[in-house]
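Undergrad: Next come a sequence and a model predicted from it.
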Amino acid sequence: MKQLLAFVRKEFYHVFRDKRTLLILFGMPIVQIVLFGLALSSEVKNIGVAVMDNARDVQSEQIIAKIRSSAQFEIKEDELNYKEIEEHFKTGEIKCAVLFPANFGSKLYKAEGAQIQVIADASDPNTATTVANYLNVIVRNYQGELNPNTQLSYQIIPEIRQLYNEEQNGSLNFIPGVIALIFMIVSTALTSVSVVREKEMGTLEILLVSPFKPVLVLLAKAIPYLVLSLIDFIIILLLSVFFLDVEIWGSLPLLFVESTLFIITCLSLGLLISNVTNSQQTAMLISMMGMMLPTMLLTGFMFPLENMPKIFQWISNILPSKYYYAIMKGVMLKGLGFSYVWKETLVLVGMSTVLLFIALKNFKNRLQ
Amino acid sequence: MENKAISCKNLTKQFGDFKAVDRVTFDVEQGEIFGFLGANGAGKTTAMRILCGLSFPTSGEATVAGFDVYKQQEQIKKNIGYMSQKFSLYDNLTILENIVFYGGVYGVSRVDIKIRSDELISTLGLEKEAKKLVGELPLGWKQKLAFSVAIFHRPKIVFLDEPTGGVDPVTRRQFWDMIYQAAESGITVFVTTHYMDEAEYCDRISVMVDGRVEALDSPTNLKNKFQTDTMDNVFYQLARGAKRADS
Amino acid sequence: MKNEVHNSHLSAANSQLSVICKNIVKTYNKGEVKAVNAVSFDVQKGELFGLIGPDGAGKTSIFRILTTLLLADSGTARVEGLDVANDYREIRNMVGYMPGKFSLYQDLTVEENLRFFATVFGTSIEDNYELIKDIYDQIKPFNNRRAGKLSGGMKQKLALCCALIHKPTVLFLDEPTTGVDVVSRKEFWEMLDRLKKQGITIVVSTPYMDEATLCDRIALIQNGSIMSIDTPDNIVKSFPKPLFAAKADNIYTLLQDLRSADEVESCYPFGEYLHLTVKTATSDIDSIKQIAGKDTVNGLEVKRIGPTIEDSFIRLMNEDNVKENTKEKADGK
């Protein structure tokens, strides 16, 4: 026990004496959260809009004129049918379409109100949300002009439908994604590098030729990075709440338990990588290319999975980060309880058990 | 000064308060084998870097092959060869590929590369191995090949940084045969070593202690001066007084 | 001859032996590279035993096998009576090991390094202070300096302290003096001598032939095979021919002349002299001078000298090469 403690202490010395490690540990989460946060609030300008005016009355023309005059929108072509609109979506010429029903103007003065359909290309969810909001504002302003005195009567209700990504991934969903990424960097990349460094320096030979149990070497390497990962987790949560004004809906203990589980998965991966590599660069490369890139691309936090070819969707199923991402999205942003995420949790438990088993089994008492 | 291969005058390199090289003055004649000795951290590597055009001195003057170390680093690099124990050749290229690569880097014409590489491979007796990866060669052969590559572009001066570390005694001597041949052909050899018997093979040697050149003469004269019969003792007497440790 | 030595040791008393190596073979890359080729040797308790050979001779592989870090392909090895393959846990408790590329934790201070290794070995600096005192006192002034900022010589002392911290019975030092300057090397060997006096068995490897004479017994090793095992004295004595040293004003021309002379068997540079043997058994200096061309060569000096370990090594290596070449030729036919 005393040996293990001494070892863990030594690991912390390594971490706190290396400026680069410190920068990765504490600079990276802050920078990522801030950058993503800023990127999301960026302005949208000159969005291509298609209009399908089935009403062709004064009211619809007036709204179209307002859209045309706003800085955010640029009406591409007026006369389009459904098929053409879809074509334009696919080529990317338009990011949204506005549809007026046939009797728009007359309905407007009836009790049930009139409807406009707004279709947004949500493969870029952030833009889609912004576009919908802008249109919403335009319509509401028009309504105000029509009826300066009374509120709530003659409603125009924009019915917003998001194409391609109806679930609305994106927006604040990047936070669980960043958390998963940081865990990958700290627990997988840094851990594997720190074990491999001992190989490179020859100190691992000494440790092996000591009464210290080889398995404890792995444990002693894992503990500090588990702790550091959890510290990062807290930093990100604090930043999200106080910097990005995110409300955390789910239970904090559940968040911590699930995160610890995912960290253990990442640590097992890191230890596994360190078993099979002999240089710090290789360990770093494998962690980056093999683990972090797929996490960014295939867990759905940057690009919606549903739009990807089947093969990628299939690959994403073997990524632990996909399940963690799903859990965090549910618990953190939607406030779901354990009963909603037990399946994903079970998958993670299974994965980390298998990975840990392989890592321990692969760890050699001797050199290769 | 033009006739000297290397000429240093009060050469100094300072890192903060630390004088890595401290007012060093010496000349190396053309065609000479010049041994550059010193304990770990005495400033050998720093001095060698300046002379190879890799770093600027803080003060003092120096010319290498007639070129100024402040202003003409590029010309210096074209006129010298360099080989060290650590960096020699690319293990995952074949012998021939390594030779062609370095020939190309130093701007040797294609025709010359062809002629000289054939010649080199036959003098080294590596005809059978020419298409083998360098990584498969024994250490001694690698070092001999690395030296041949370092003088492939017929430089005026070749810098050798501990070229024979860890090499067996027979190959070590074959290596020195090659150094002698290079010197005979007019190439100036500037060499560092930890083997004191190798110091004896040099025409003249300098011993650096704490950034300064504390002794410079032929091996025989140095032994007479320190009243001993081995270079080992000369070195020991000089380096024992060193105060400074390397990093 | 190797076998005779081996048997005599065995019969003497197994309990007197600290390390026993028997026909150890180790290959890499699925047998492609033969690193250790049927190596056998014994080390007596309390002996300072040296493995002398260049890089790539197989020294590190042998050390790793003896310290239980590697499994041999075949052959057996015992350390303090324990089998390196089966009893590795016990062996790991009682040996001290300094690997060749060992460089400690650069970002930890001298004291932190030492404390860490002491704890890992289940002891403390204070418990074993007596053993390391001599060496530790020299680096103690730098207790709070990071290991990365120490000089080569001091790093080496710290590494030795770390290897000694748990009072090992056997100490394995793989090339402890490589890349270290002459002054530090000399000090290091003095330390080894003092440790030996405290009864610790020391197995050390080095590529520097001049360090061989500081060992009780040495094995000269090349290409994975042991060429000779004996005391440095005996190895030098078994040099079969009179050895001469020669020099002249132009030593390179002299070397070429002597090499092309029919009477000369071998001739190579050695420090400021050339060392040479001739094909006949003559020990007459004048006849050597004759061969060298005493009337035409300026500053010619010839003397009879006693061989060094390096001379023996070169001779053994050349003999091996000759054997191999003739064998290759025979195989070719």
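TA: That came through, no problem.
Undergrad: Next one: the closest residue to chain B within the stretch 101-250 of chain C from residue A:345, what distance?
TA: Nearest residue of the stretch 101-250 of chain C to chain B (Cβ to the nearest Cβ) works out as residue C:151 at 2.9 Å. For glycine as for every other residue, the C-beta is placed from the backbone atoms N, C-alpha and C. Separation of residue C:151 from residue A:345 (Cβ to Cβ, to the nearest Å) stands at 55 Å.
Undergrad: Could you do residue B:214 as well?
TA: The gap separating residue B:214 from residue A:345 is 71 Å, by Cβ to Cβ.
Undergrad: coming back round to it: can I assume the residue of the stretch 101-250 of chain C closest to chain B is in contact with residue B:41?
TA: Yes. The criterion here is Cβ atoms under 8 Å, and residue C:151 meets it with residue B:41 at 5.7 Å.
Undergrad: Quick check: nearest residue in space to residue B:83, chain neighbours excluded?
TA: Once flanking residues are discounted, residue B:83 sits nearest to residue B:150: 4.0 Å by Cβ to Cβ, 6 or more residues apart in numbering or on different chains.
Undergrad: where along chain B do the helices fall?
TA: B:44-51, B:73-79, B:95-105, B:110-124, B:139-150, B:169-184, B:196-199, B:219-225, B:231-239 (DSSP state H).
Undergrad: Show the pLDDT at residue B:123.
TA: pLDDT for residue B:123: 88.
Undergrad: Kindly report the same for residue C:20.
TA: Confidence at residue C:20, expressed as pLDDT, is 95.
Undergrad: ok, the strand or helix carrying it: who's next to it in the sheet?
TA: Under the criterion of DSSP states H and E, residue C:20 resides in strand C:17-28. Applying DSSP bridges, strand C:17-28 is found paired with strand C:33-44 (antiparallel), strand C:74-79 (antiparallel).
Undergrad: same question for the first one, mean pLDDT?
TA: What that stands for is strand C:33-44. 93.
Undergrad: Show residues contacting whichever helix or strand comes after it.
TA: Next helix or strand after strand C:33-44 toward the C-terminus (DSSP H and E): strand C:48-52. For strand C:48-52, contacts defined as Cβ atoms under 8 Å, 6 or more residues apart in numbering or on different chains pick out C:19, C:41, C:43, C:59, C:62-63, C:192-193, C:196, C:201-207, C:209, C:211-212, C:214-221, C:309, C:313.
Undergrad: close enough to count as contact, residue C:111 and residue C:143?
TA: Yes. Counting by Cβ under 8 Å, residue C:111 touches residue C:143, with 4.6 Å between them.
Undergrad: Neighbour count: the two, which is higher?
TA: residue C:111 (17 against 12; other Cβ atoms under 10 Å in any protein chain shown).
Undergrad: contacting residues around the more buried one?
TA: Residues counted as contacts of residue C:111 (Cβ under 8 Å, 6+ apart) are C:143, C:144.
Undergrad: Enumerate every residue touching the nearest residue to residue B:42 once chain neighbours are set aside.
TA: Closest residue to residue B:42 apart from its sequence neighbours, by Cβ to Cβ, 6+ apart: residue B:208 at 4.2 Å. If a contact means Cβ under 8 Å, 6+ apart, then residue B:208 has B:24, B:36, B:37, B:38, B:42, B:43, B:44, B:47, B:214 as its contacts.
Undergrad: Go ahead and confirm the fifth one touches residue B:213.
TA: No. Between residue B:42 and residue B:213 there is no contact under Cβ under 8 Å: 9.5 Å.
Undergrad: who's more crowded, these two?
TA: Using other Cβ under 10 Å as the criterion, residue B:42 and residue B:213 rank with residue B:42 on top: 27 against 23.
Undergrad: measure the more buried one to chain A for me?
TA: Per Cβ to the nearest Cβ, to the nearest Å, residue B:42 is found 25 Å from chain A.
Undergrad: Quick check: that residue vs residue A:72, distance?
TA: Distance of residue B:42 to residue A:72, given as Cβ to Cβ: 70 Å.
Undergrad: I'd like to know which residues of chain B are adjacent to chain C.
TA: B:38-41, B:138-140, B:165-171, B:173, B:176, B:180, B:184, B:194-197, B:200-201, B:219-220, B:230-232, B:235-236, B:239-240, B:242, B:245-247 (Cβ under 8 Å from any Cβ of the partner chain).
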